[in-house]
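Participant: Sharing a sequence plus its predicted fold:
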Amino acid sequence: MEYRKLGNSSLDVSVVCLGTWAFGGDRWWGYQDDNDSLEVLEDALARGVNFIDTAPVYGRGHSEEVIGSFIAQGKIREKVILATKLGLRWDGRSIFHDLSRKRMFDEIDASRKRLKTDYFDLYQVHWHDPDTPIGQTAEIMHKFYQDGIIKAIGVSNYSMAQIEEFKKYAPIHSLQPSYSMFDRDIEEEVIPFCIENSIGIITYAPLYSGLLTGKFFLDGAKIPGDINRKMKSRDLEEPCFSINKTTLIKLKKIADKHGKTLAQLALNWNFNQKGVTSAIAGARKLSQLYDNLGSTGWKLDKEDLTMIRDILAERFIEIEKVEEKV
Ligand SMILES: NC(=O)c1ccc[n+]([C@@H]2O[C@H](COP(=O)([O-])OP(=O)(O)OC[C@H]3O[C@@H](n4cnc5c(N)ncnc54)[C@H](OP(=O)(O)O)[C@@H]3O)[C@@H](O)[C@H]2O)c1
C-alpha cells in the first residue's frame, strides 16, 4: 500500500480510502449485512488501508455505528485515520442542509458517541448550507481544530469560490469532490487550485457507483432498480448504455494487458491523477475489497495513459451529443 500526506495536514493516508456509505444500508444502496461490513473493515486494515470515510447521514447514523463498534472492539483507534462529516440533517423522509451553530455542536457530539472516539482525524463539511454564511461554518470548524477534537479540516462538494471564502476564516486540508473516469468536472479548475493551495483531494465515487467495474455492461449484473446511486440513471439507458459499454470494452483491453480488472484500472488511474491524494472506494463485501486493493502497487505507462485519455475523450463527445438533445 502506498501512503501520501493529505494536503498540508499531518496525516499520511493510504491511496485507497475505504468508503462506507453502503454500510448504512439505506435506500440509496439497499440492504447491507453488518457482518459483511465488519469483515471488510477488518480485512481492509489488515491489508494496509488506514483511511476510512463515513458520514452521519449514511444510514442515518448506522454507518458510523458499525465503524464505532469495530473500533471499540479491536482497540485500534490510533491505527485508523477516521474521516467523518457534518452538515446534513434528516427526518423520516427527507434530508436537509443544516450548518447552524447548534447543529454543528450537536453533530460532532453525536458522531463522537456513535464512532466511540474523542476525536476525528479529518472532519469534513459535507455540503455547503445555503442558509448559513461560510465564514460562520469555517470559524466553528476552526474552533474544533484548535480544541484538538479534529486533526484536519475538510470540505466536500465545495466550489472554488466557496473554498476561497472558507479559507479566509480557517485552514482547509482537504477537498472531497466526486471524480472518476466518467465524471471529470474538477480537472480544469479545481484540481490546479487545490495543488496551488496545498489542499489534498480525496475523490468520491471513483468507480462511478460501481459502473466502472463493468459489471452492469459487460458481465450482465442486474441493474439496481429502486436504488438511487450517484450515477445518472441515463448512463444505464440507451443510447448512453451502448456508449458506456463500448468505452468499457476499450478500457478493459488496457486492464487486461496488465492482468488487472476494470475496477483496478479505474482506481489506479484515479489516485494517480496529479493532485489526487486518495480515492474513496466503496466496498461492501470482501470480494470487492480484494478487487479494489489490486489497484495498488503498479503503474500505468505513458502509452496507456494516452490511450485512456483518447478513449475517455471519445466517450465525452458521444455523451455530450446525447445531452444536447435532452
Ligand atoms: N462527500 C459526498 O458527498 C459523497 C458522496 C458519495 C460518496 N461518498 C463517499 O465515497 C465513497 C465511495 O463512493 P460510492 O460508494 O458512491 O461509489 P464507488 O466507490 O464508485 O462505488 C462503490 C459501490 O460499487 C460497488 N463495488 C465496489 N467495488 C466493486 C468491485 N470491485 N466490483 C463490483 N462492484 C463494486 C459496490 O456496490 P454494489 O455491490 O451495490 O454494486 C459499492 O458500494 C462512499 O462510500 C462515501 O464514503 C461521499
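Facilitator: Sure, I can see it.

Participant: Name the residue closest to the centre of this structure, please.
Facilitator: Nearest to the mean C-alpha position of the chain, by CA atoms, centre = their mean, lies Tyr204 at 2.4 Å.

Participant: For it, give me its contacts.
Facilitator: Gly19, Asp53, Ser156, Gln176, Pro177, Ser178, Tyr179, Lys230, Ile280 (CB atoms under 8 Å, 6 or more residues apart in numbering). (Each C-beta comes from the backbone N, C-alpha and C, glycine too.)

Participant: Pretty sure the first one sits against Arg284.
Facilitator: Spelled out, it's Gly19. No: using CB atoms under 8 Å, Gly19 is not in contact with Arg284, being 9.5 Å away.

Participant: Give me the more crowded residue out of these two.
Facilitator: Between Gly19 and Arg284, counted using other CB atoms under 10 Å, the more crowded position is Gly19 (25 against 21).

Participant: which residues touch that one?
Facilitator: The contact partners of Gly19, by CB under 8 Å, 6+ apart, come to Asp53, Tyr204, Ile280, Ala281, Gly282, Ala283.

Participant: what's the answer for Arg89, then?
Facilitator: Contacts of Arg89 by CB under 8 Å, 6+ apart are Ile95, Phe96, His97, Asp98, Arg103.

Participant: gap between Asn8 and the ligand?
Facilitator: 21 Å (CB to the nearest ligand atom, to the nearest Å).

Participant: Kindly report the same for Lys113.
Facilitator: Taken as CB to the nearest ligand atom, the span from Lys113 to the ligand is 20 Å.

Participant: for Glu64, same thing?
Facilitator: Counting by CB to the nearest ligand atom, the separation of Glu64 from the ligand is 11 Å.

Participant: Next one, pLDDT for that residue please.
Facilitator: Looking at Glu64, its pLDDT reads 98.

Participant: what helix or strand is it on?
Facilitator: Secondary structure assigned from DSSP states H and E places Glu64 in helix 62-74.

Participant: next structured bit after that helix?
Facilitator: Counting by DSSP H and E, the next helix or strand C-terminal to helix 62-74 is strand 81-86.

Participant: which helices and strands sit right next to that following strand?
Facilitator: In this structure, strand 81-86 makes packing contacts with strand 51-53, helix 62-74, helix 101-114, strand 122-125, strand 153-156, judged by 3 or more CB pairs under 8 Å, 6 or more residues apart in numbering; DSSP states H and E.

Participant: For the last one, C-alpha coordinates in PDB please.
Facilitator: Below are the C-alpha coordinates for strand 153-156, written out as PDB (Å, rounded to 0.1, in the frame of the first residue of the first chain):
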ATOM      1  CA  ILE A 153     -10.400  20.300   8.300                       C
ATOM      2  CA  GLY A 154     -12.000  19.100   5.100                       C
ATOM      3  CA  VAL A 155     -14.800  20.300   2.900                       C
ATOM      4  CA  SER A 156     -16.800  18.300   0.400                       C
END
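
Participant: Tell me the spacing between Lys5 and the ligand.
Facilitator: Lys5 sits 20 Å away from the ligand, going by CB to the nearest ligand atom.

Participant: my bad, should have said Thr132
Facilitator: 17 Å.

Participant: Could you list which residues are in contact with the residue nearest to that residue when sequence neighbours are not counted?
Facilitator: Excluding its sequence neighbours, the residue lying closest to Thr132 (CB to CB, 6 or more residues apart in numbering) is Leu99, at 4.3 Å. With contact set as CB under 8 Å, 6+ apart, Leu99 has these partners: Leu86, Gly87, Val125, His128, Asp129, Thr132, Gln136, Thr137.

Participant: Report the contact partners of Met307.
Facilitator: By CB under 8 Å, 6+ apart, the contact set of Met307 is Ile254.

Participant: ok, now the one 5 residues further on?
Facilitator: Neighbour list for Leu312: Met181, Phe182, Arg184, Thr247 [criterion: CB under 8 Å, 6+ apart].

Participant: most surrounded residue in the residues you listed?
Facilitator: Met181 (24 neighbours).

Participant: From Lys113, how far out is that residue?
Facilitator: Going from Met181 to Lys113 by CB to CB, to the nearest Å gives 38 Å.

Participant: likewise Arg89?
Facilitator: 17 Å.

Participant: try Ala283
Facilitator: Distance from Ala283 to Lys113, by CB to CB: 26 Å.
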